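Predicted model and sequence follow; I will ask about them next.
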Amino acid sequence: MTKLKMVSRLAIICLSYNLIVVLSVALNSSWVHRLAAGGQFTSFPIGIRAVYGIMSIAMIFLIFFIRDLSLNSFSQENESKRRTARLLAFVFVLSTLTQLISRSPLERWNAIPAIIIAYAFLSLSRTRSN
């Protein structure tokens, strides 16, 4: 298995973890209260739950997107996918920084999957077609 495939698979695992967390926030599951939104809620407000519900859908799309990127090499027609992967890498770097400054020590652990996902998107954005 190539390094890029391994990083992609690890990123899919991390995105799946993120999906579980954000979906659990959207459903207001008690186990996730200290892992999200600064760990400050014992019950998530409806606005936060709605945002995390949308994020759940986005995580599903990201899982399929990274899978597609890892299976198919880029061609000239797919330059937009390369730019999207770079943008997503930047978004997940910002997510990592946000997680690291959280008031919740448990939420800071979410920086690990975020940086793995950022690295995977950055690596995939740099691949060239054969």
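Looks like it arrived, so ask away.

Measure how far stretch 42-49 is from the centre of its chain, please.
The chain centroid and the centroid of stretch 42-49 are separated by 21 Å under CA atoms, centre = their mean, to the nearest Å.

Kindly check the end-to-end length of it for me.
Terminal residues of stretch 42-49 lie 13 Å apart, using CA to CA, to the nearest Å.

For that stretch, which outside residues touch it?
Residues from elsewhere that reach stretch 42-49 (CB atoms under 8 Å, 6 or more residues apart in numbering): 25, 26, 27, 28, 33, 36, 37, 41, 52. C-betas here are computed from N, CA, C, even on glycine.

Try it again at 7 Å.
25, 26, 28, 33, 37 (CB atoms under 7 Å, 6 or more residues apart in numbering).

I figured residue 14 hits residue 117, correct?
Yes: here residue 14 reaches residue 117: they are 5.2 Å apart, a contact under CB atoms under 7 Å.

Can you report how many residues lie near the closest residue to residue 84 other than its chain neighbours?
In space, and not counting its chain neighbours, residue 84 is closest to residue 65: 7.6 Å by CB to CB, 6 or more residues apart in numbering. Burial of residue 65 is recorded as 18 neighbouring residues (other CB atoms under 10 Å).

now do the one 3 residues further on
Here the count is done by other CB under 10 Å, and residue 68 has 12 residues near it.

Mind listing what's buried along stretch 18-31?
For stretch 18-31, the buried set under the neighbour-count rule, 16 or more other CB atoms under 10 Å, comprises 18, 19, 21, 22, 23, 24, 25, 26, 28.

okay, now the closest residue to residue 103 other than its chain neighbours: neighbour count?
Closest residue to residue 103 apart from its sequence neighbours, by CB to CB, 6+ apart: residue 38 at 5.0 Å. Neighbours of residue 38 under the rule other CB under 10 Å: 12.
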